[in-house]
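*Asks:* curious how this folds, go ahead:
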Amino acid sequence: MDLKEDFLSFIWQFRQYVAQNLATTAGELLQVLQVGQPNKHAGPDFFNAKIIVAGTTWSGNVEIHVRSSEWNGHGHEQDQAYNNVILHVVLENDLPVKRADGSFMPTLELKSIFHQHILENYNGLVEVRRPFPCYAQMGSVDQLVMQGAFSRALVERMEFKSREVQDKLTHHKGDWEATFNFFLARSFGFKVNSLPFELLATSFDMQLYSKYRDAPLQTEALIFGQAGFLNRPFSDPYPAQLRREYLFLKQKLNLQPIEQSLWKFLRMRPTGFPTVRIAQFAALMNRSEHLFSKVLHGGDLDYMKSIFIQLPIHSYWHGHYHFEKQAPAFVPQLGKASIESIIINAVCLIMFSYGRLMDQEHYMNKALHFLEQLAPENNHILRQYKTAGVKIESAFASQAILQLNRNYCSKMRCLQCGIGVSILKKV
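*Replies:* Numbers count the residues shown, from 1 in each chain. A predicted model of the protein is given here:
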């Protein structure tokens, strides 16, 4: 029987064993009052457990091993930190073990008492060859269980991402406006060009946006120049003027542009070309006075969307996808899906992070509420879950599923997932 500690931890945590006439390997009657809290860090596997052994109540920690001899193999018999372990839970008791103080360790052997259907369900998950372990069962999971798992996964995702926001905030010396501008820039890359947009955003001081806000041409020159698109002469008046402005700013501010070759055009619709996206982003920066404050203290979702509608994009981009390449007339504004993507990946993130870091929970709740109102994203990962019968009706759900897929499904961590636990416990 080749089982791992995480499976045994699951059996212990959710009491998936025959509890009647429970006894230690020494024959002492055992009653489990509290299994304790799982420990994700160094030390015993469960903290603050409470048990009764032979009529005596004990409070302390629980250690899990496949075989009891691993206690000595890990050096616990010499570690004073393990003297407060009150129970050793093992699959097989192959060796009586002692604490560092010389006392024998009470041991519970699970080999013959855990529910066998749990093992069958577990094998059915870990041996699956479909897109993710619970593909065949997920559509039948109770919706309350699903919503609970979604809520936990989404908060986990937002808290994980907010740590990056904190790092960027430190880099920008506590300037929330500059930090927000960084995440806005990255969101304008829409995954395909998120990296060059991120490099663009870090290639100069973000506070320059506020300095040149009253001079739109200089803002556009700064952004297009740093993006690497103004490195040659032009005959069209608009890009020629941008180049002159940029060469002046480059020398004045000692700027170094990123490589133009980093930007991806292949297999993209012309309206999504990075040149068009940069023009849209530059227009937003020209409108961006107190943008962070507007987002933070603004009203409902419609107000948030209005920030990105009818941007003051230079008229040149109504007939060009590239510099000096005429194109059929079009409206170079952000579409509905693009606006919602930016709100999901920049606005909601910065709002949640501000609430978390400033200990103002209502901003965190507001961000989550916006995600509940926004349409879900659509990508190949989410389509796999839809095929499995999962209802994805909002960005709240789609963001949660992306987190589940990344941190649980793809890593086979079914035992730490509420959905996986529900499936494993089915009789």
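*Asks:* need the residues that contact the top strand by length along the chain.
*Replies:* In the chain, ranked by residue count with DSSP state E as the criterion, the top strand is strand 56-67. For strand 56-67, the external contacting residues (C-beta atoms under 8 Å, 6 or more residues apart in numbering) are 3-5, 8-9, 12, 33, 35-36, 39, 43-52, 71, 74, 76, 82, 84-95. Heads up, the C-betas are built off the backbone N, CA and C, glycines and all.
*Asks:* let's see it at 6 Å
*Replies:* Residues from elsewhere that reach strand 56-67 (C-beta atoms under 6 Å, 6 or more residues apart in numbering): 5, 8-9, 36, 44-47, 49-51, 84-92, 94.
*Asks:* sheet-wise, list the partners of it with their directions.
*Replies:* With DSSP bridges as the test, strand 56-67 is paired with strand 46-53 (antiparallel), strand 85-92 (parallel).
*Asks:* can you point out the buried residues in it?
*Replies:* Using 16 or more other C-beta atoms under 10 Å as the test for burial, strand 56-67 gives 60-66.
*Asks:* and that strand, how far out from the chain middle?
*Replies:* With C-alpha atoms, centre = their mean, to the nearest Å as the basis, strand 56-67 stands 33 Å off its chain's centre.
*Asks:* element containing Phe308, please.
*Replies:* In the assignment (DSSP states H and E), Phe308 maps to no helix and no strand.
*Asks:* residues near it, how many?
*Replies:* A count of nearby residues for Phe308, using other C-beta atoms under 10 Å, gives 21.
*Asks:* so what's it up against?
*Replies:* The contact partners of Phe308, taken as C-beta under 6 Å, 6+ apart, are 334, 339.
*Asks:* and with 7 Å instead?
*Replies:* Going by C-beta atoms under 7 Å, 6 or more residues apart in numbering, Phe308 touches 284, 334, 339, 342.
*Asks:* tell me which of these is nearest to Gln373?
*Replies:* The nearest member of those to Gln373, counting by C-beta to C-beta, is Ile339 at 13.1 Å.
*Asks:* need the contact list for the closest one.
*Replies:* By C-beta under 7 Å, 6+ apart, the neighbours of Ile339 are 305, 308.
*Asks:* ok, His322 next?
*Replies:* His322 is in contact with Thr275, counting by C-beta under 7 Å, 6+ apart.
*Asks:* now it: phi and psi?
*Replies:* Main-chain dihedrals, His322, degrees, to the nearest 10: phi -130, psi 160.
*Asks:* my guess is Glu109 contacts Val90. True?
*Replies:* Yes. Contact criterion C-beta atoms under 7 Å: Glu109 and Val90 qualify, at 5.8 Å.
*Asks:* so which of those two has more stuff around it?
*Replies:* Under the neighbour definition other C-beta under 10 Å, Glu109 and Val90 were set side by side, and Val90 has more, 25 against 17.
*Asks:* how confident is the prediction for Val18, by pLDDT?
*Replies:* The model reports Val18 with a pLDDT of 92.
*Asks:* wait, a strand at Leu296?
*Replies:* No. Per DSSP: H, G, I helix; E, B strand; the rest coil, Leu296 lies outside any strand segment and is helix.
*Asks:* contacts only, for it.
*Replies:* Counting by C-beta under 7 Å, 6+ apart, Leu296 makes contact with 351, 354.
*Asks:* three-state assignment of Arg213?
*Replies:* Per three-state DSSP, Arg213 ends up coil.
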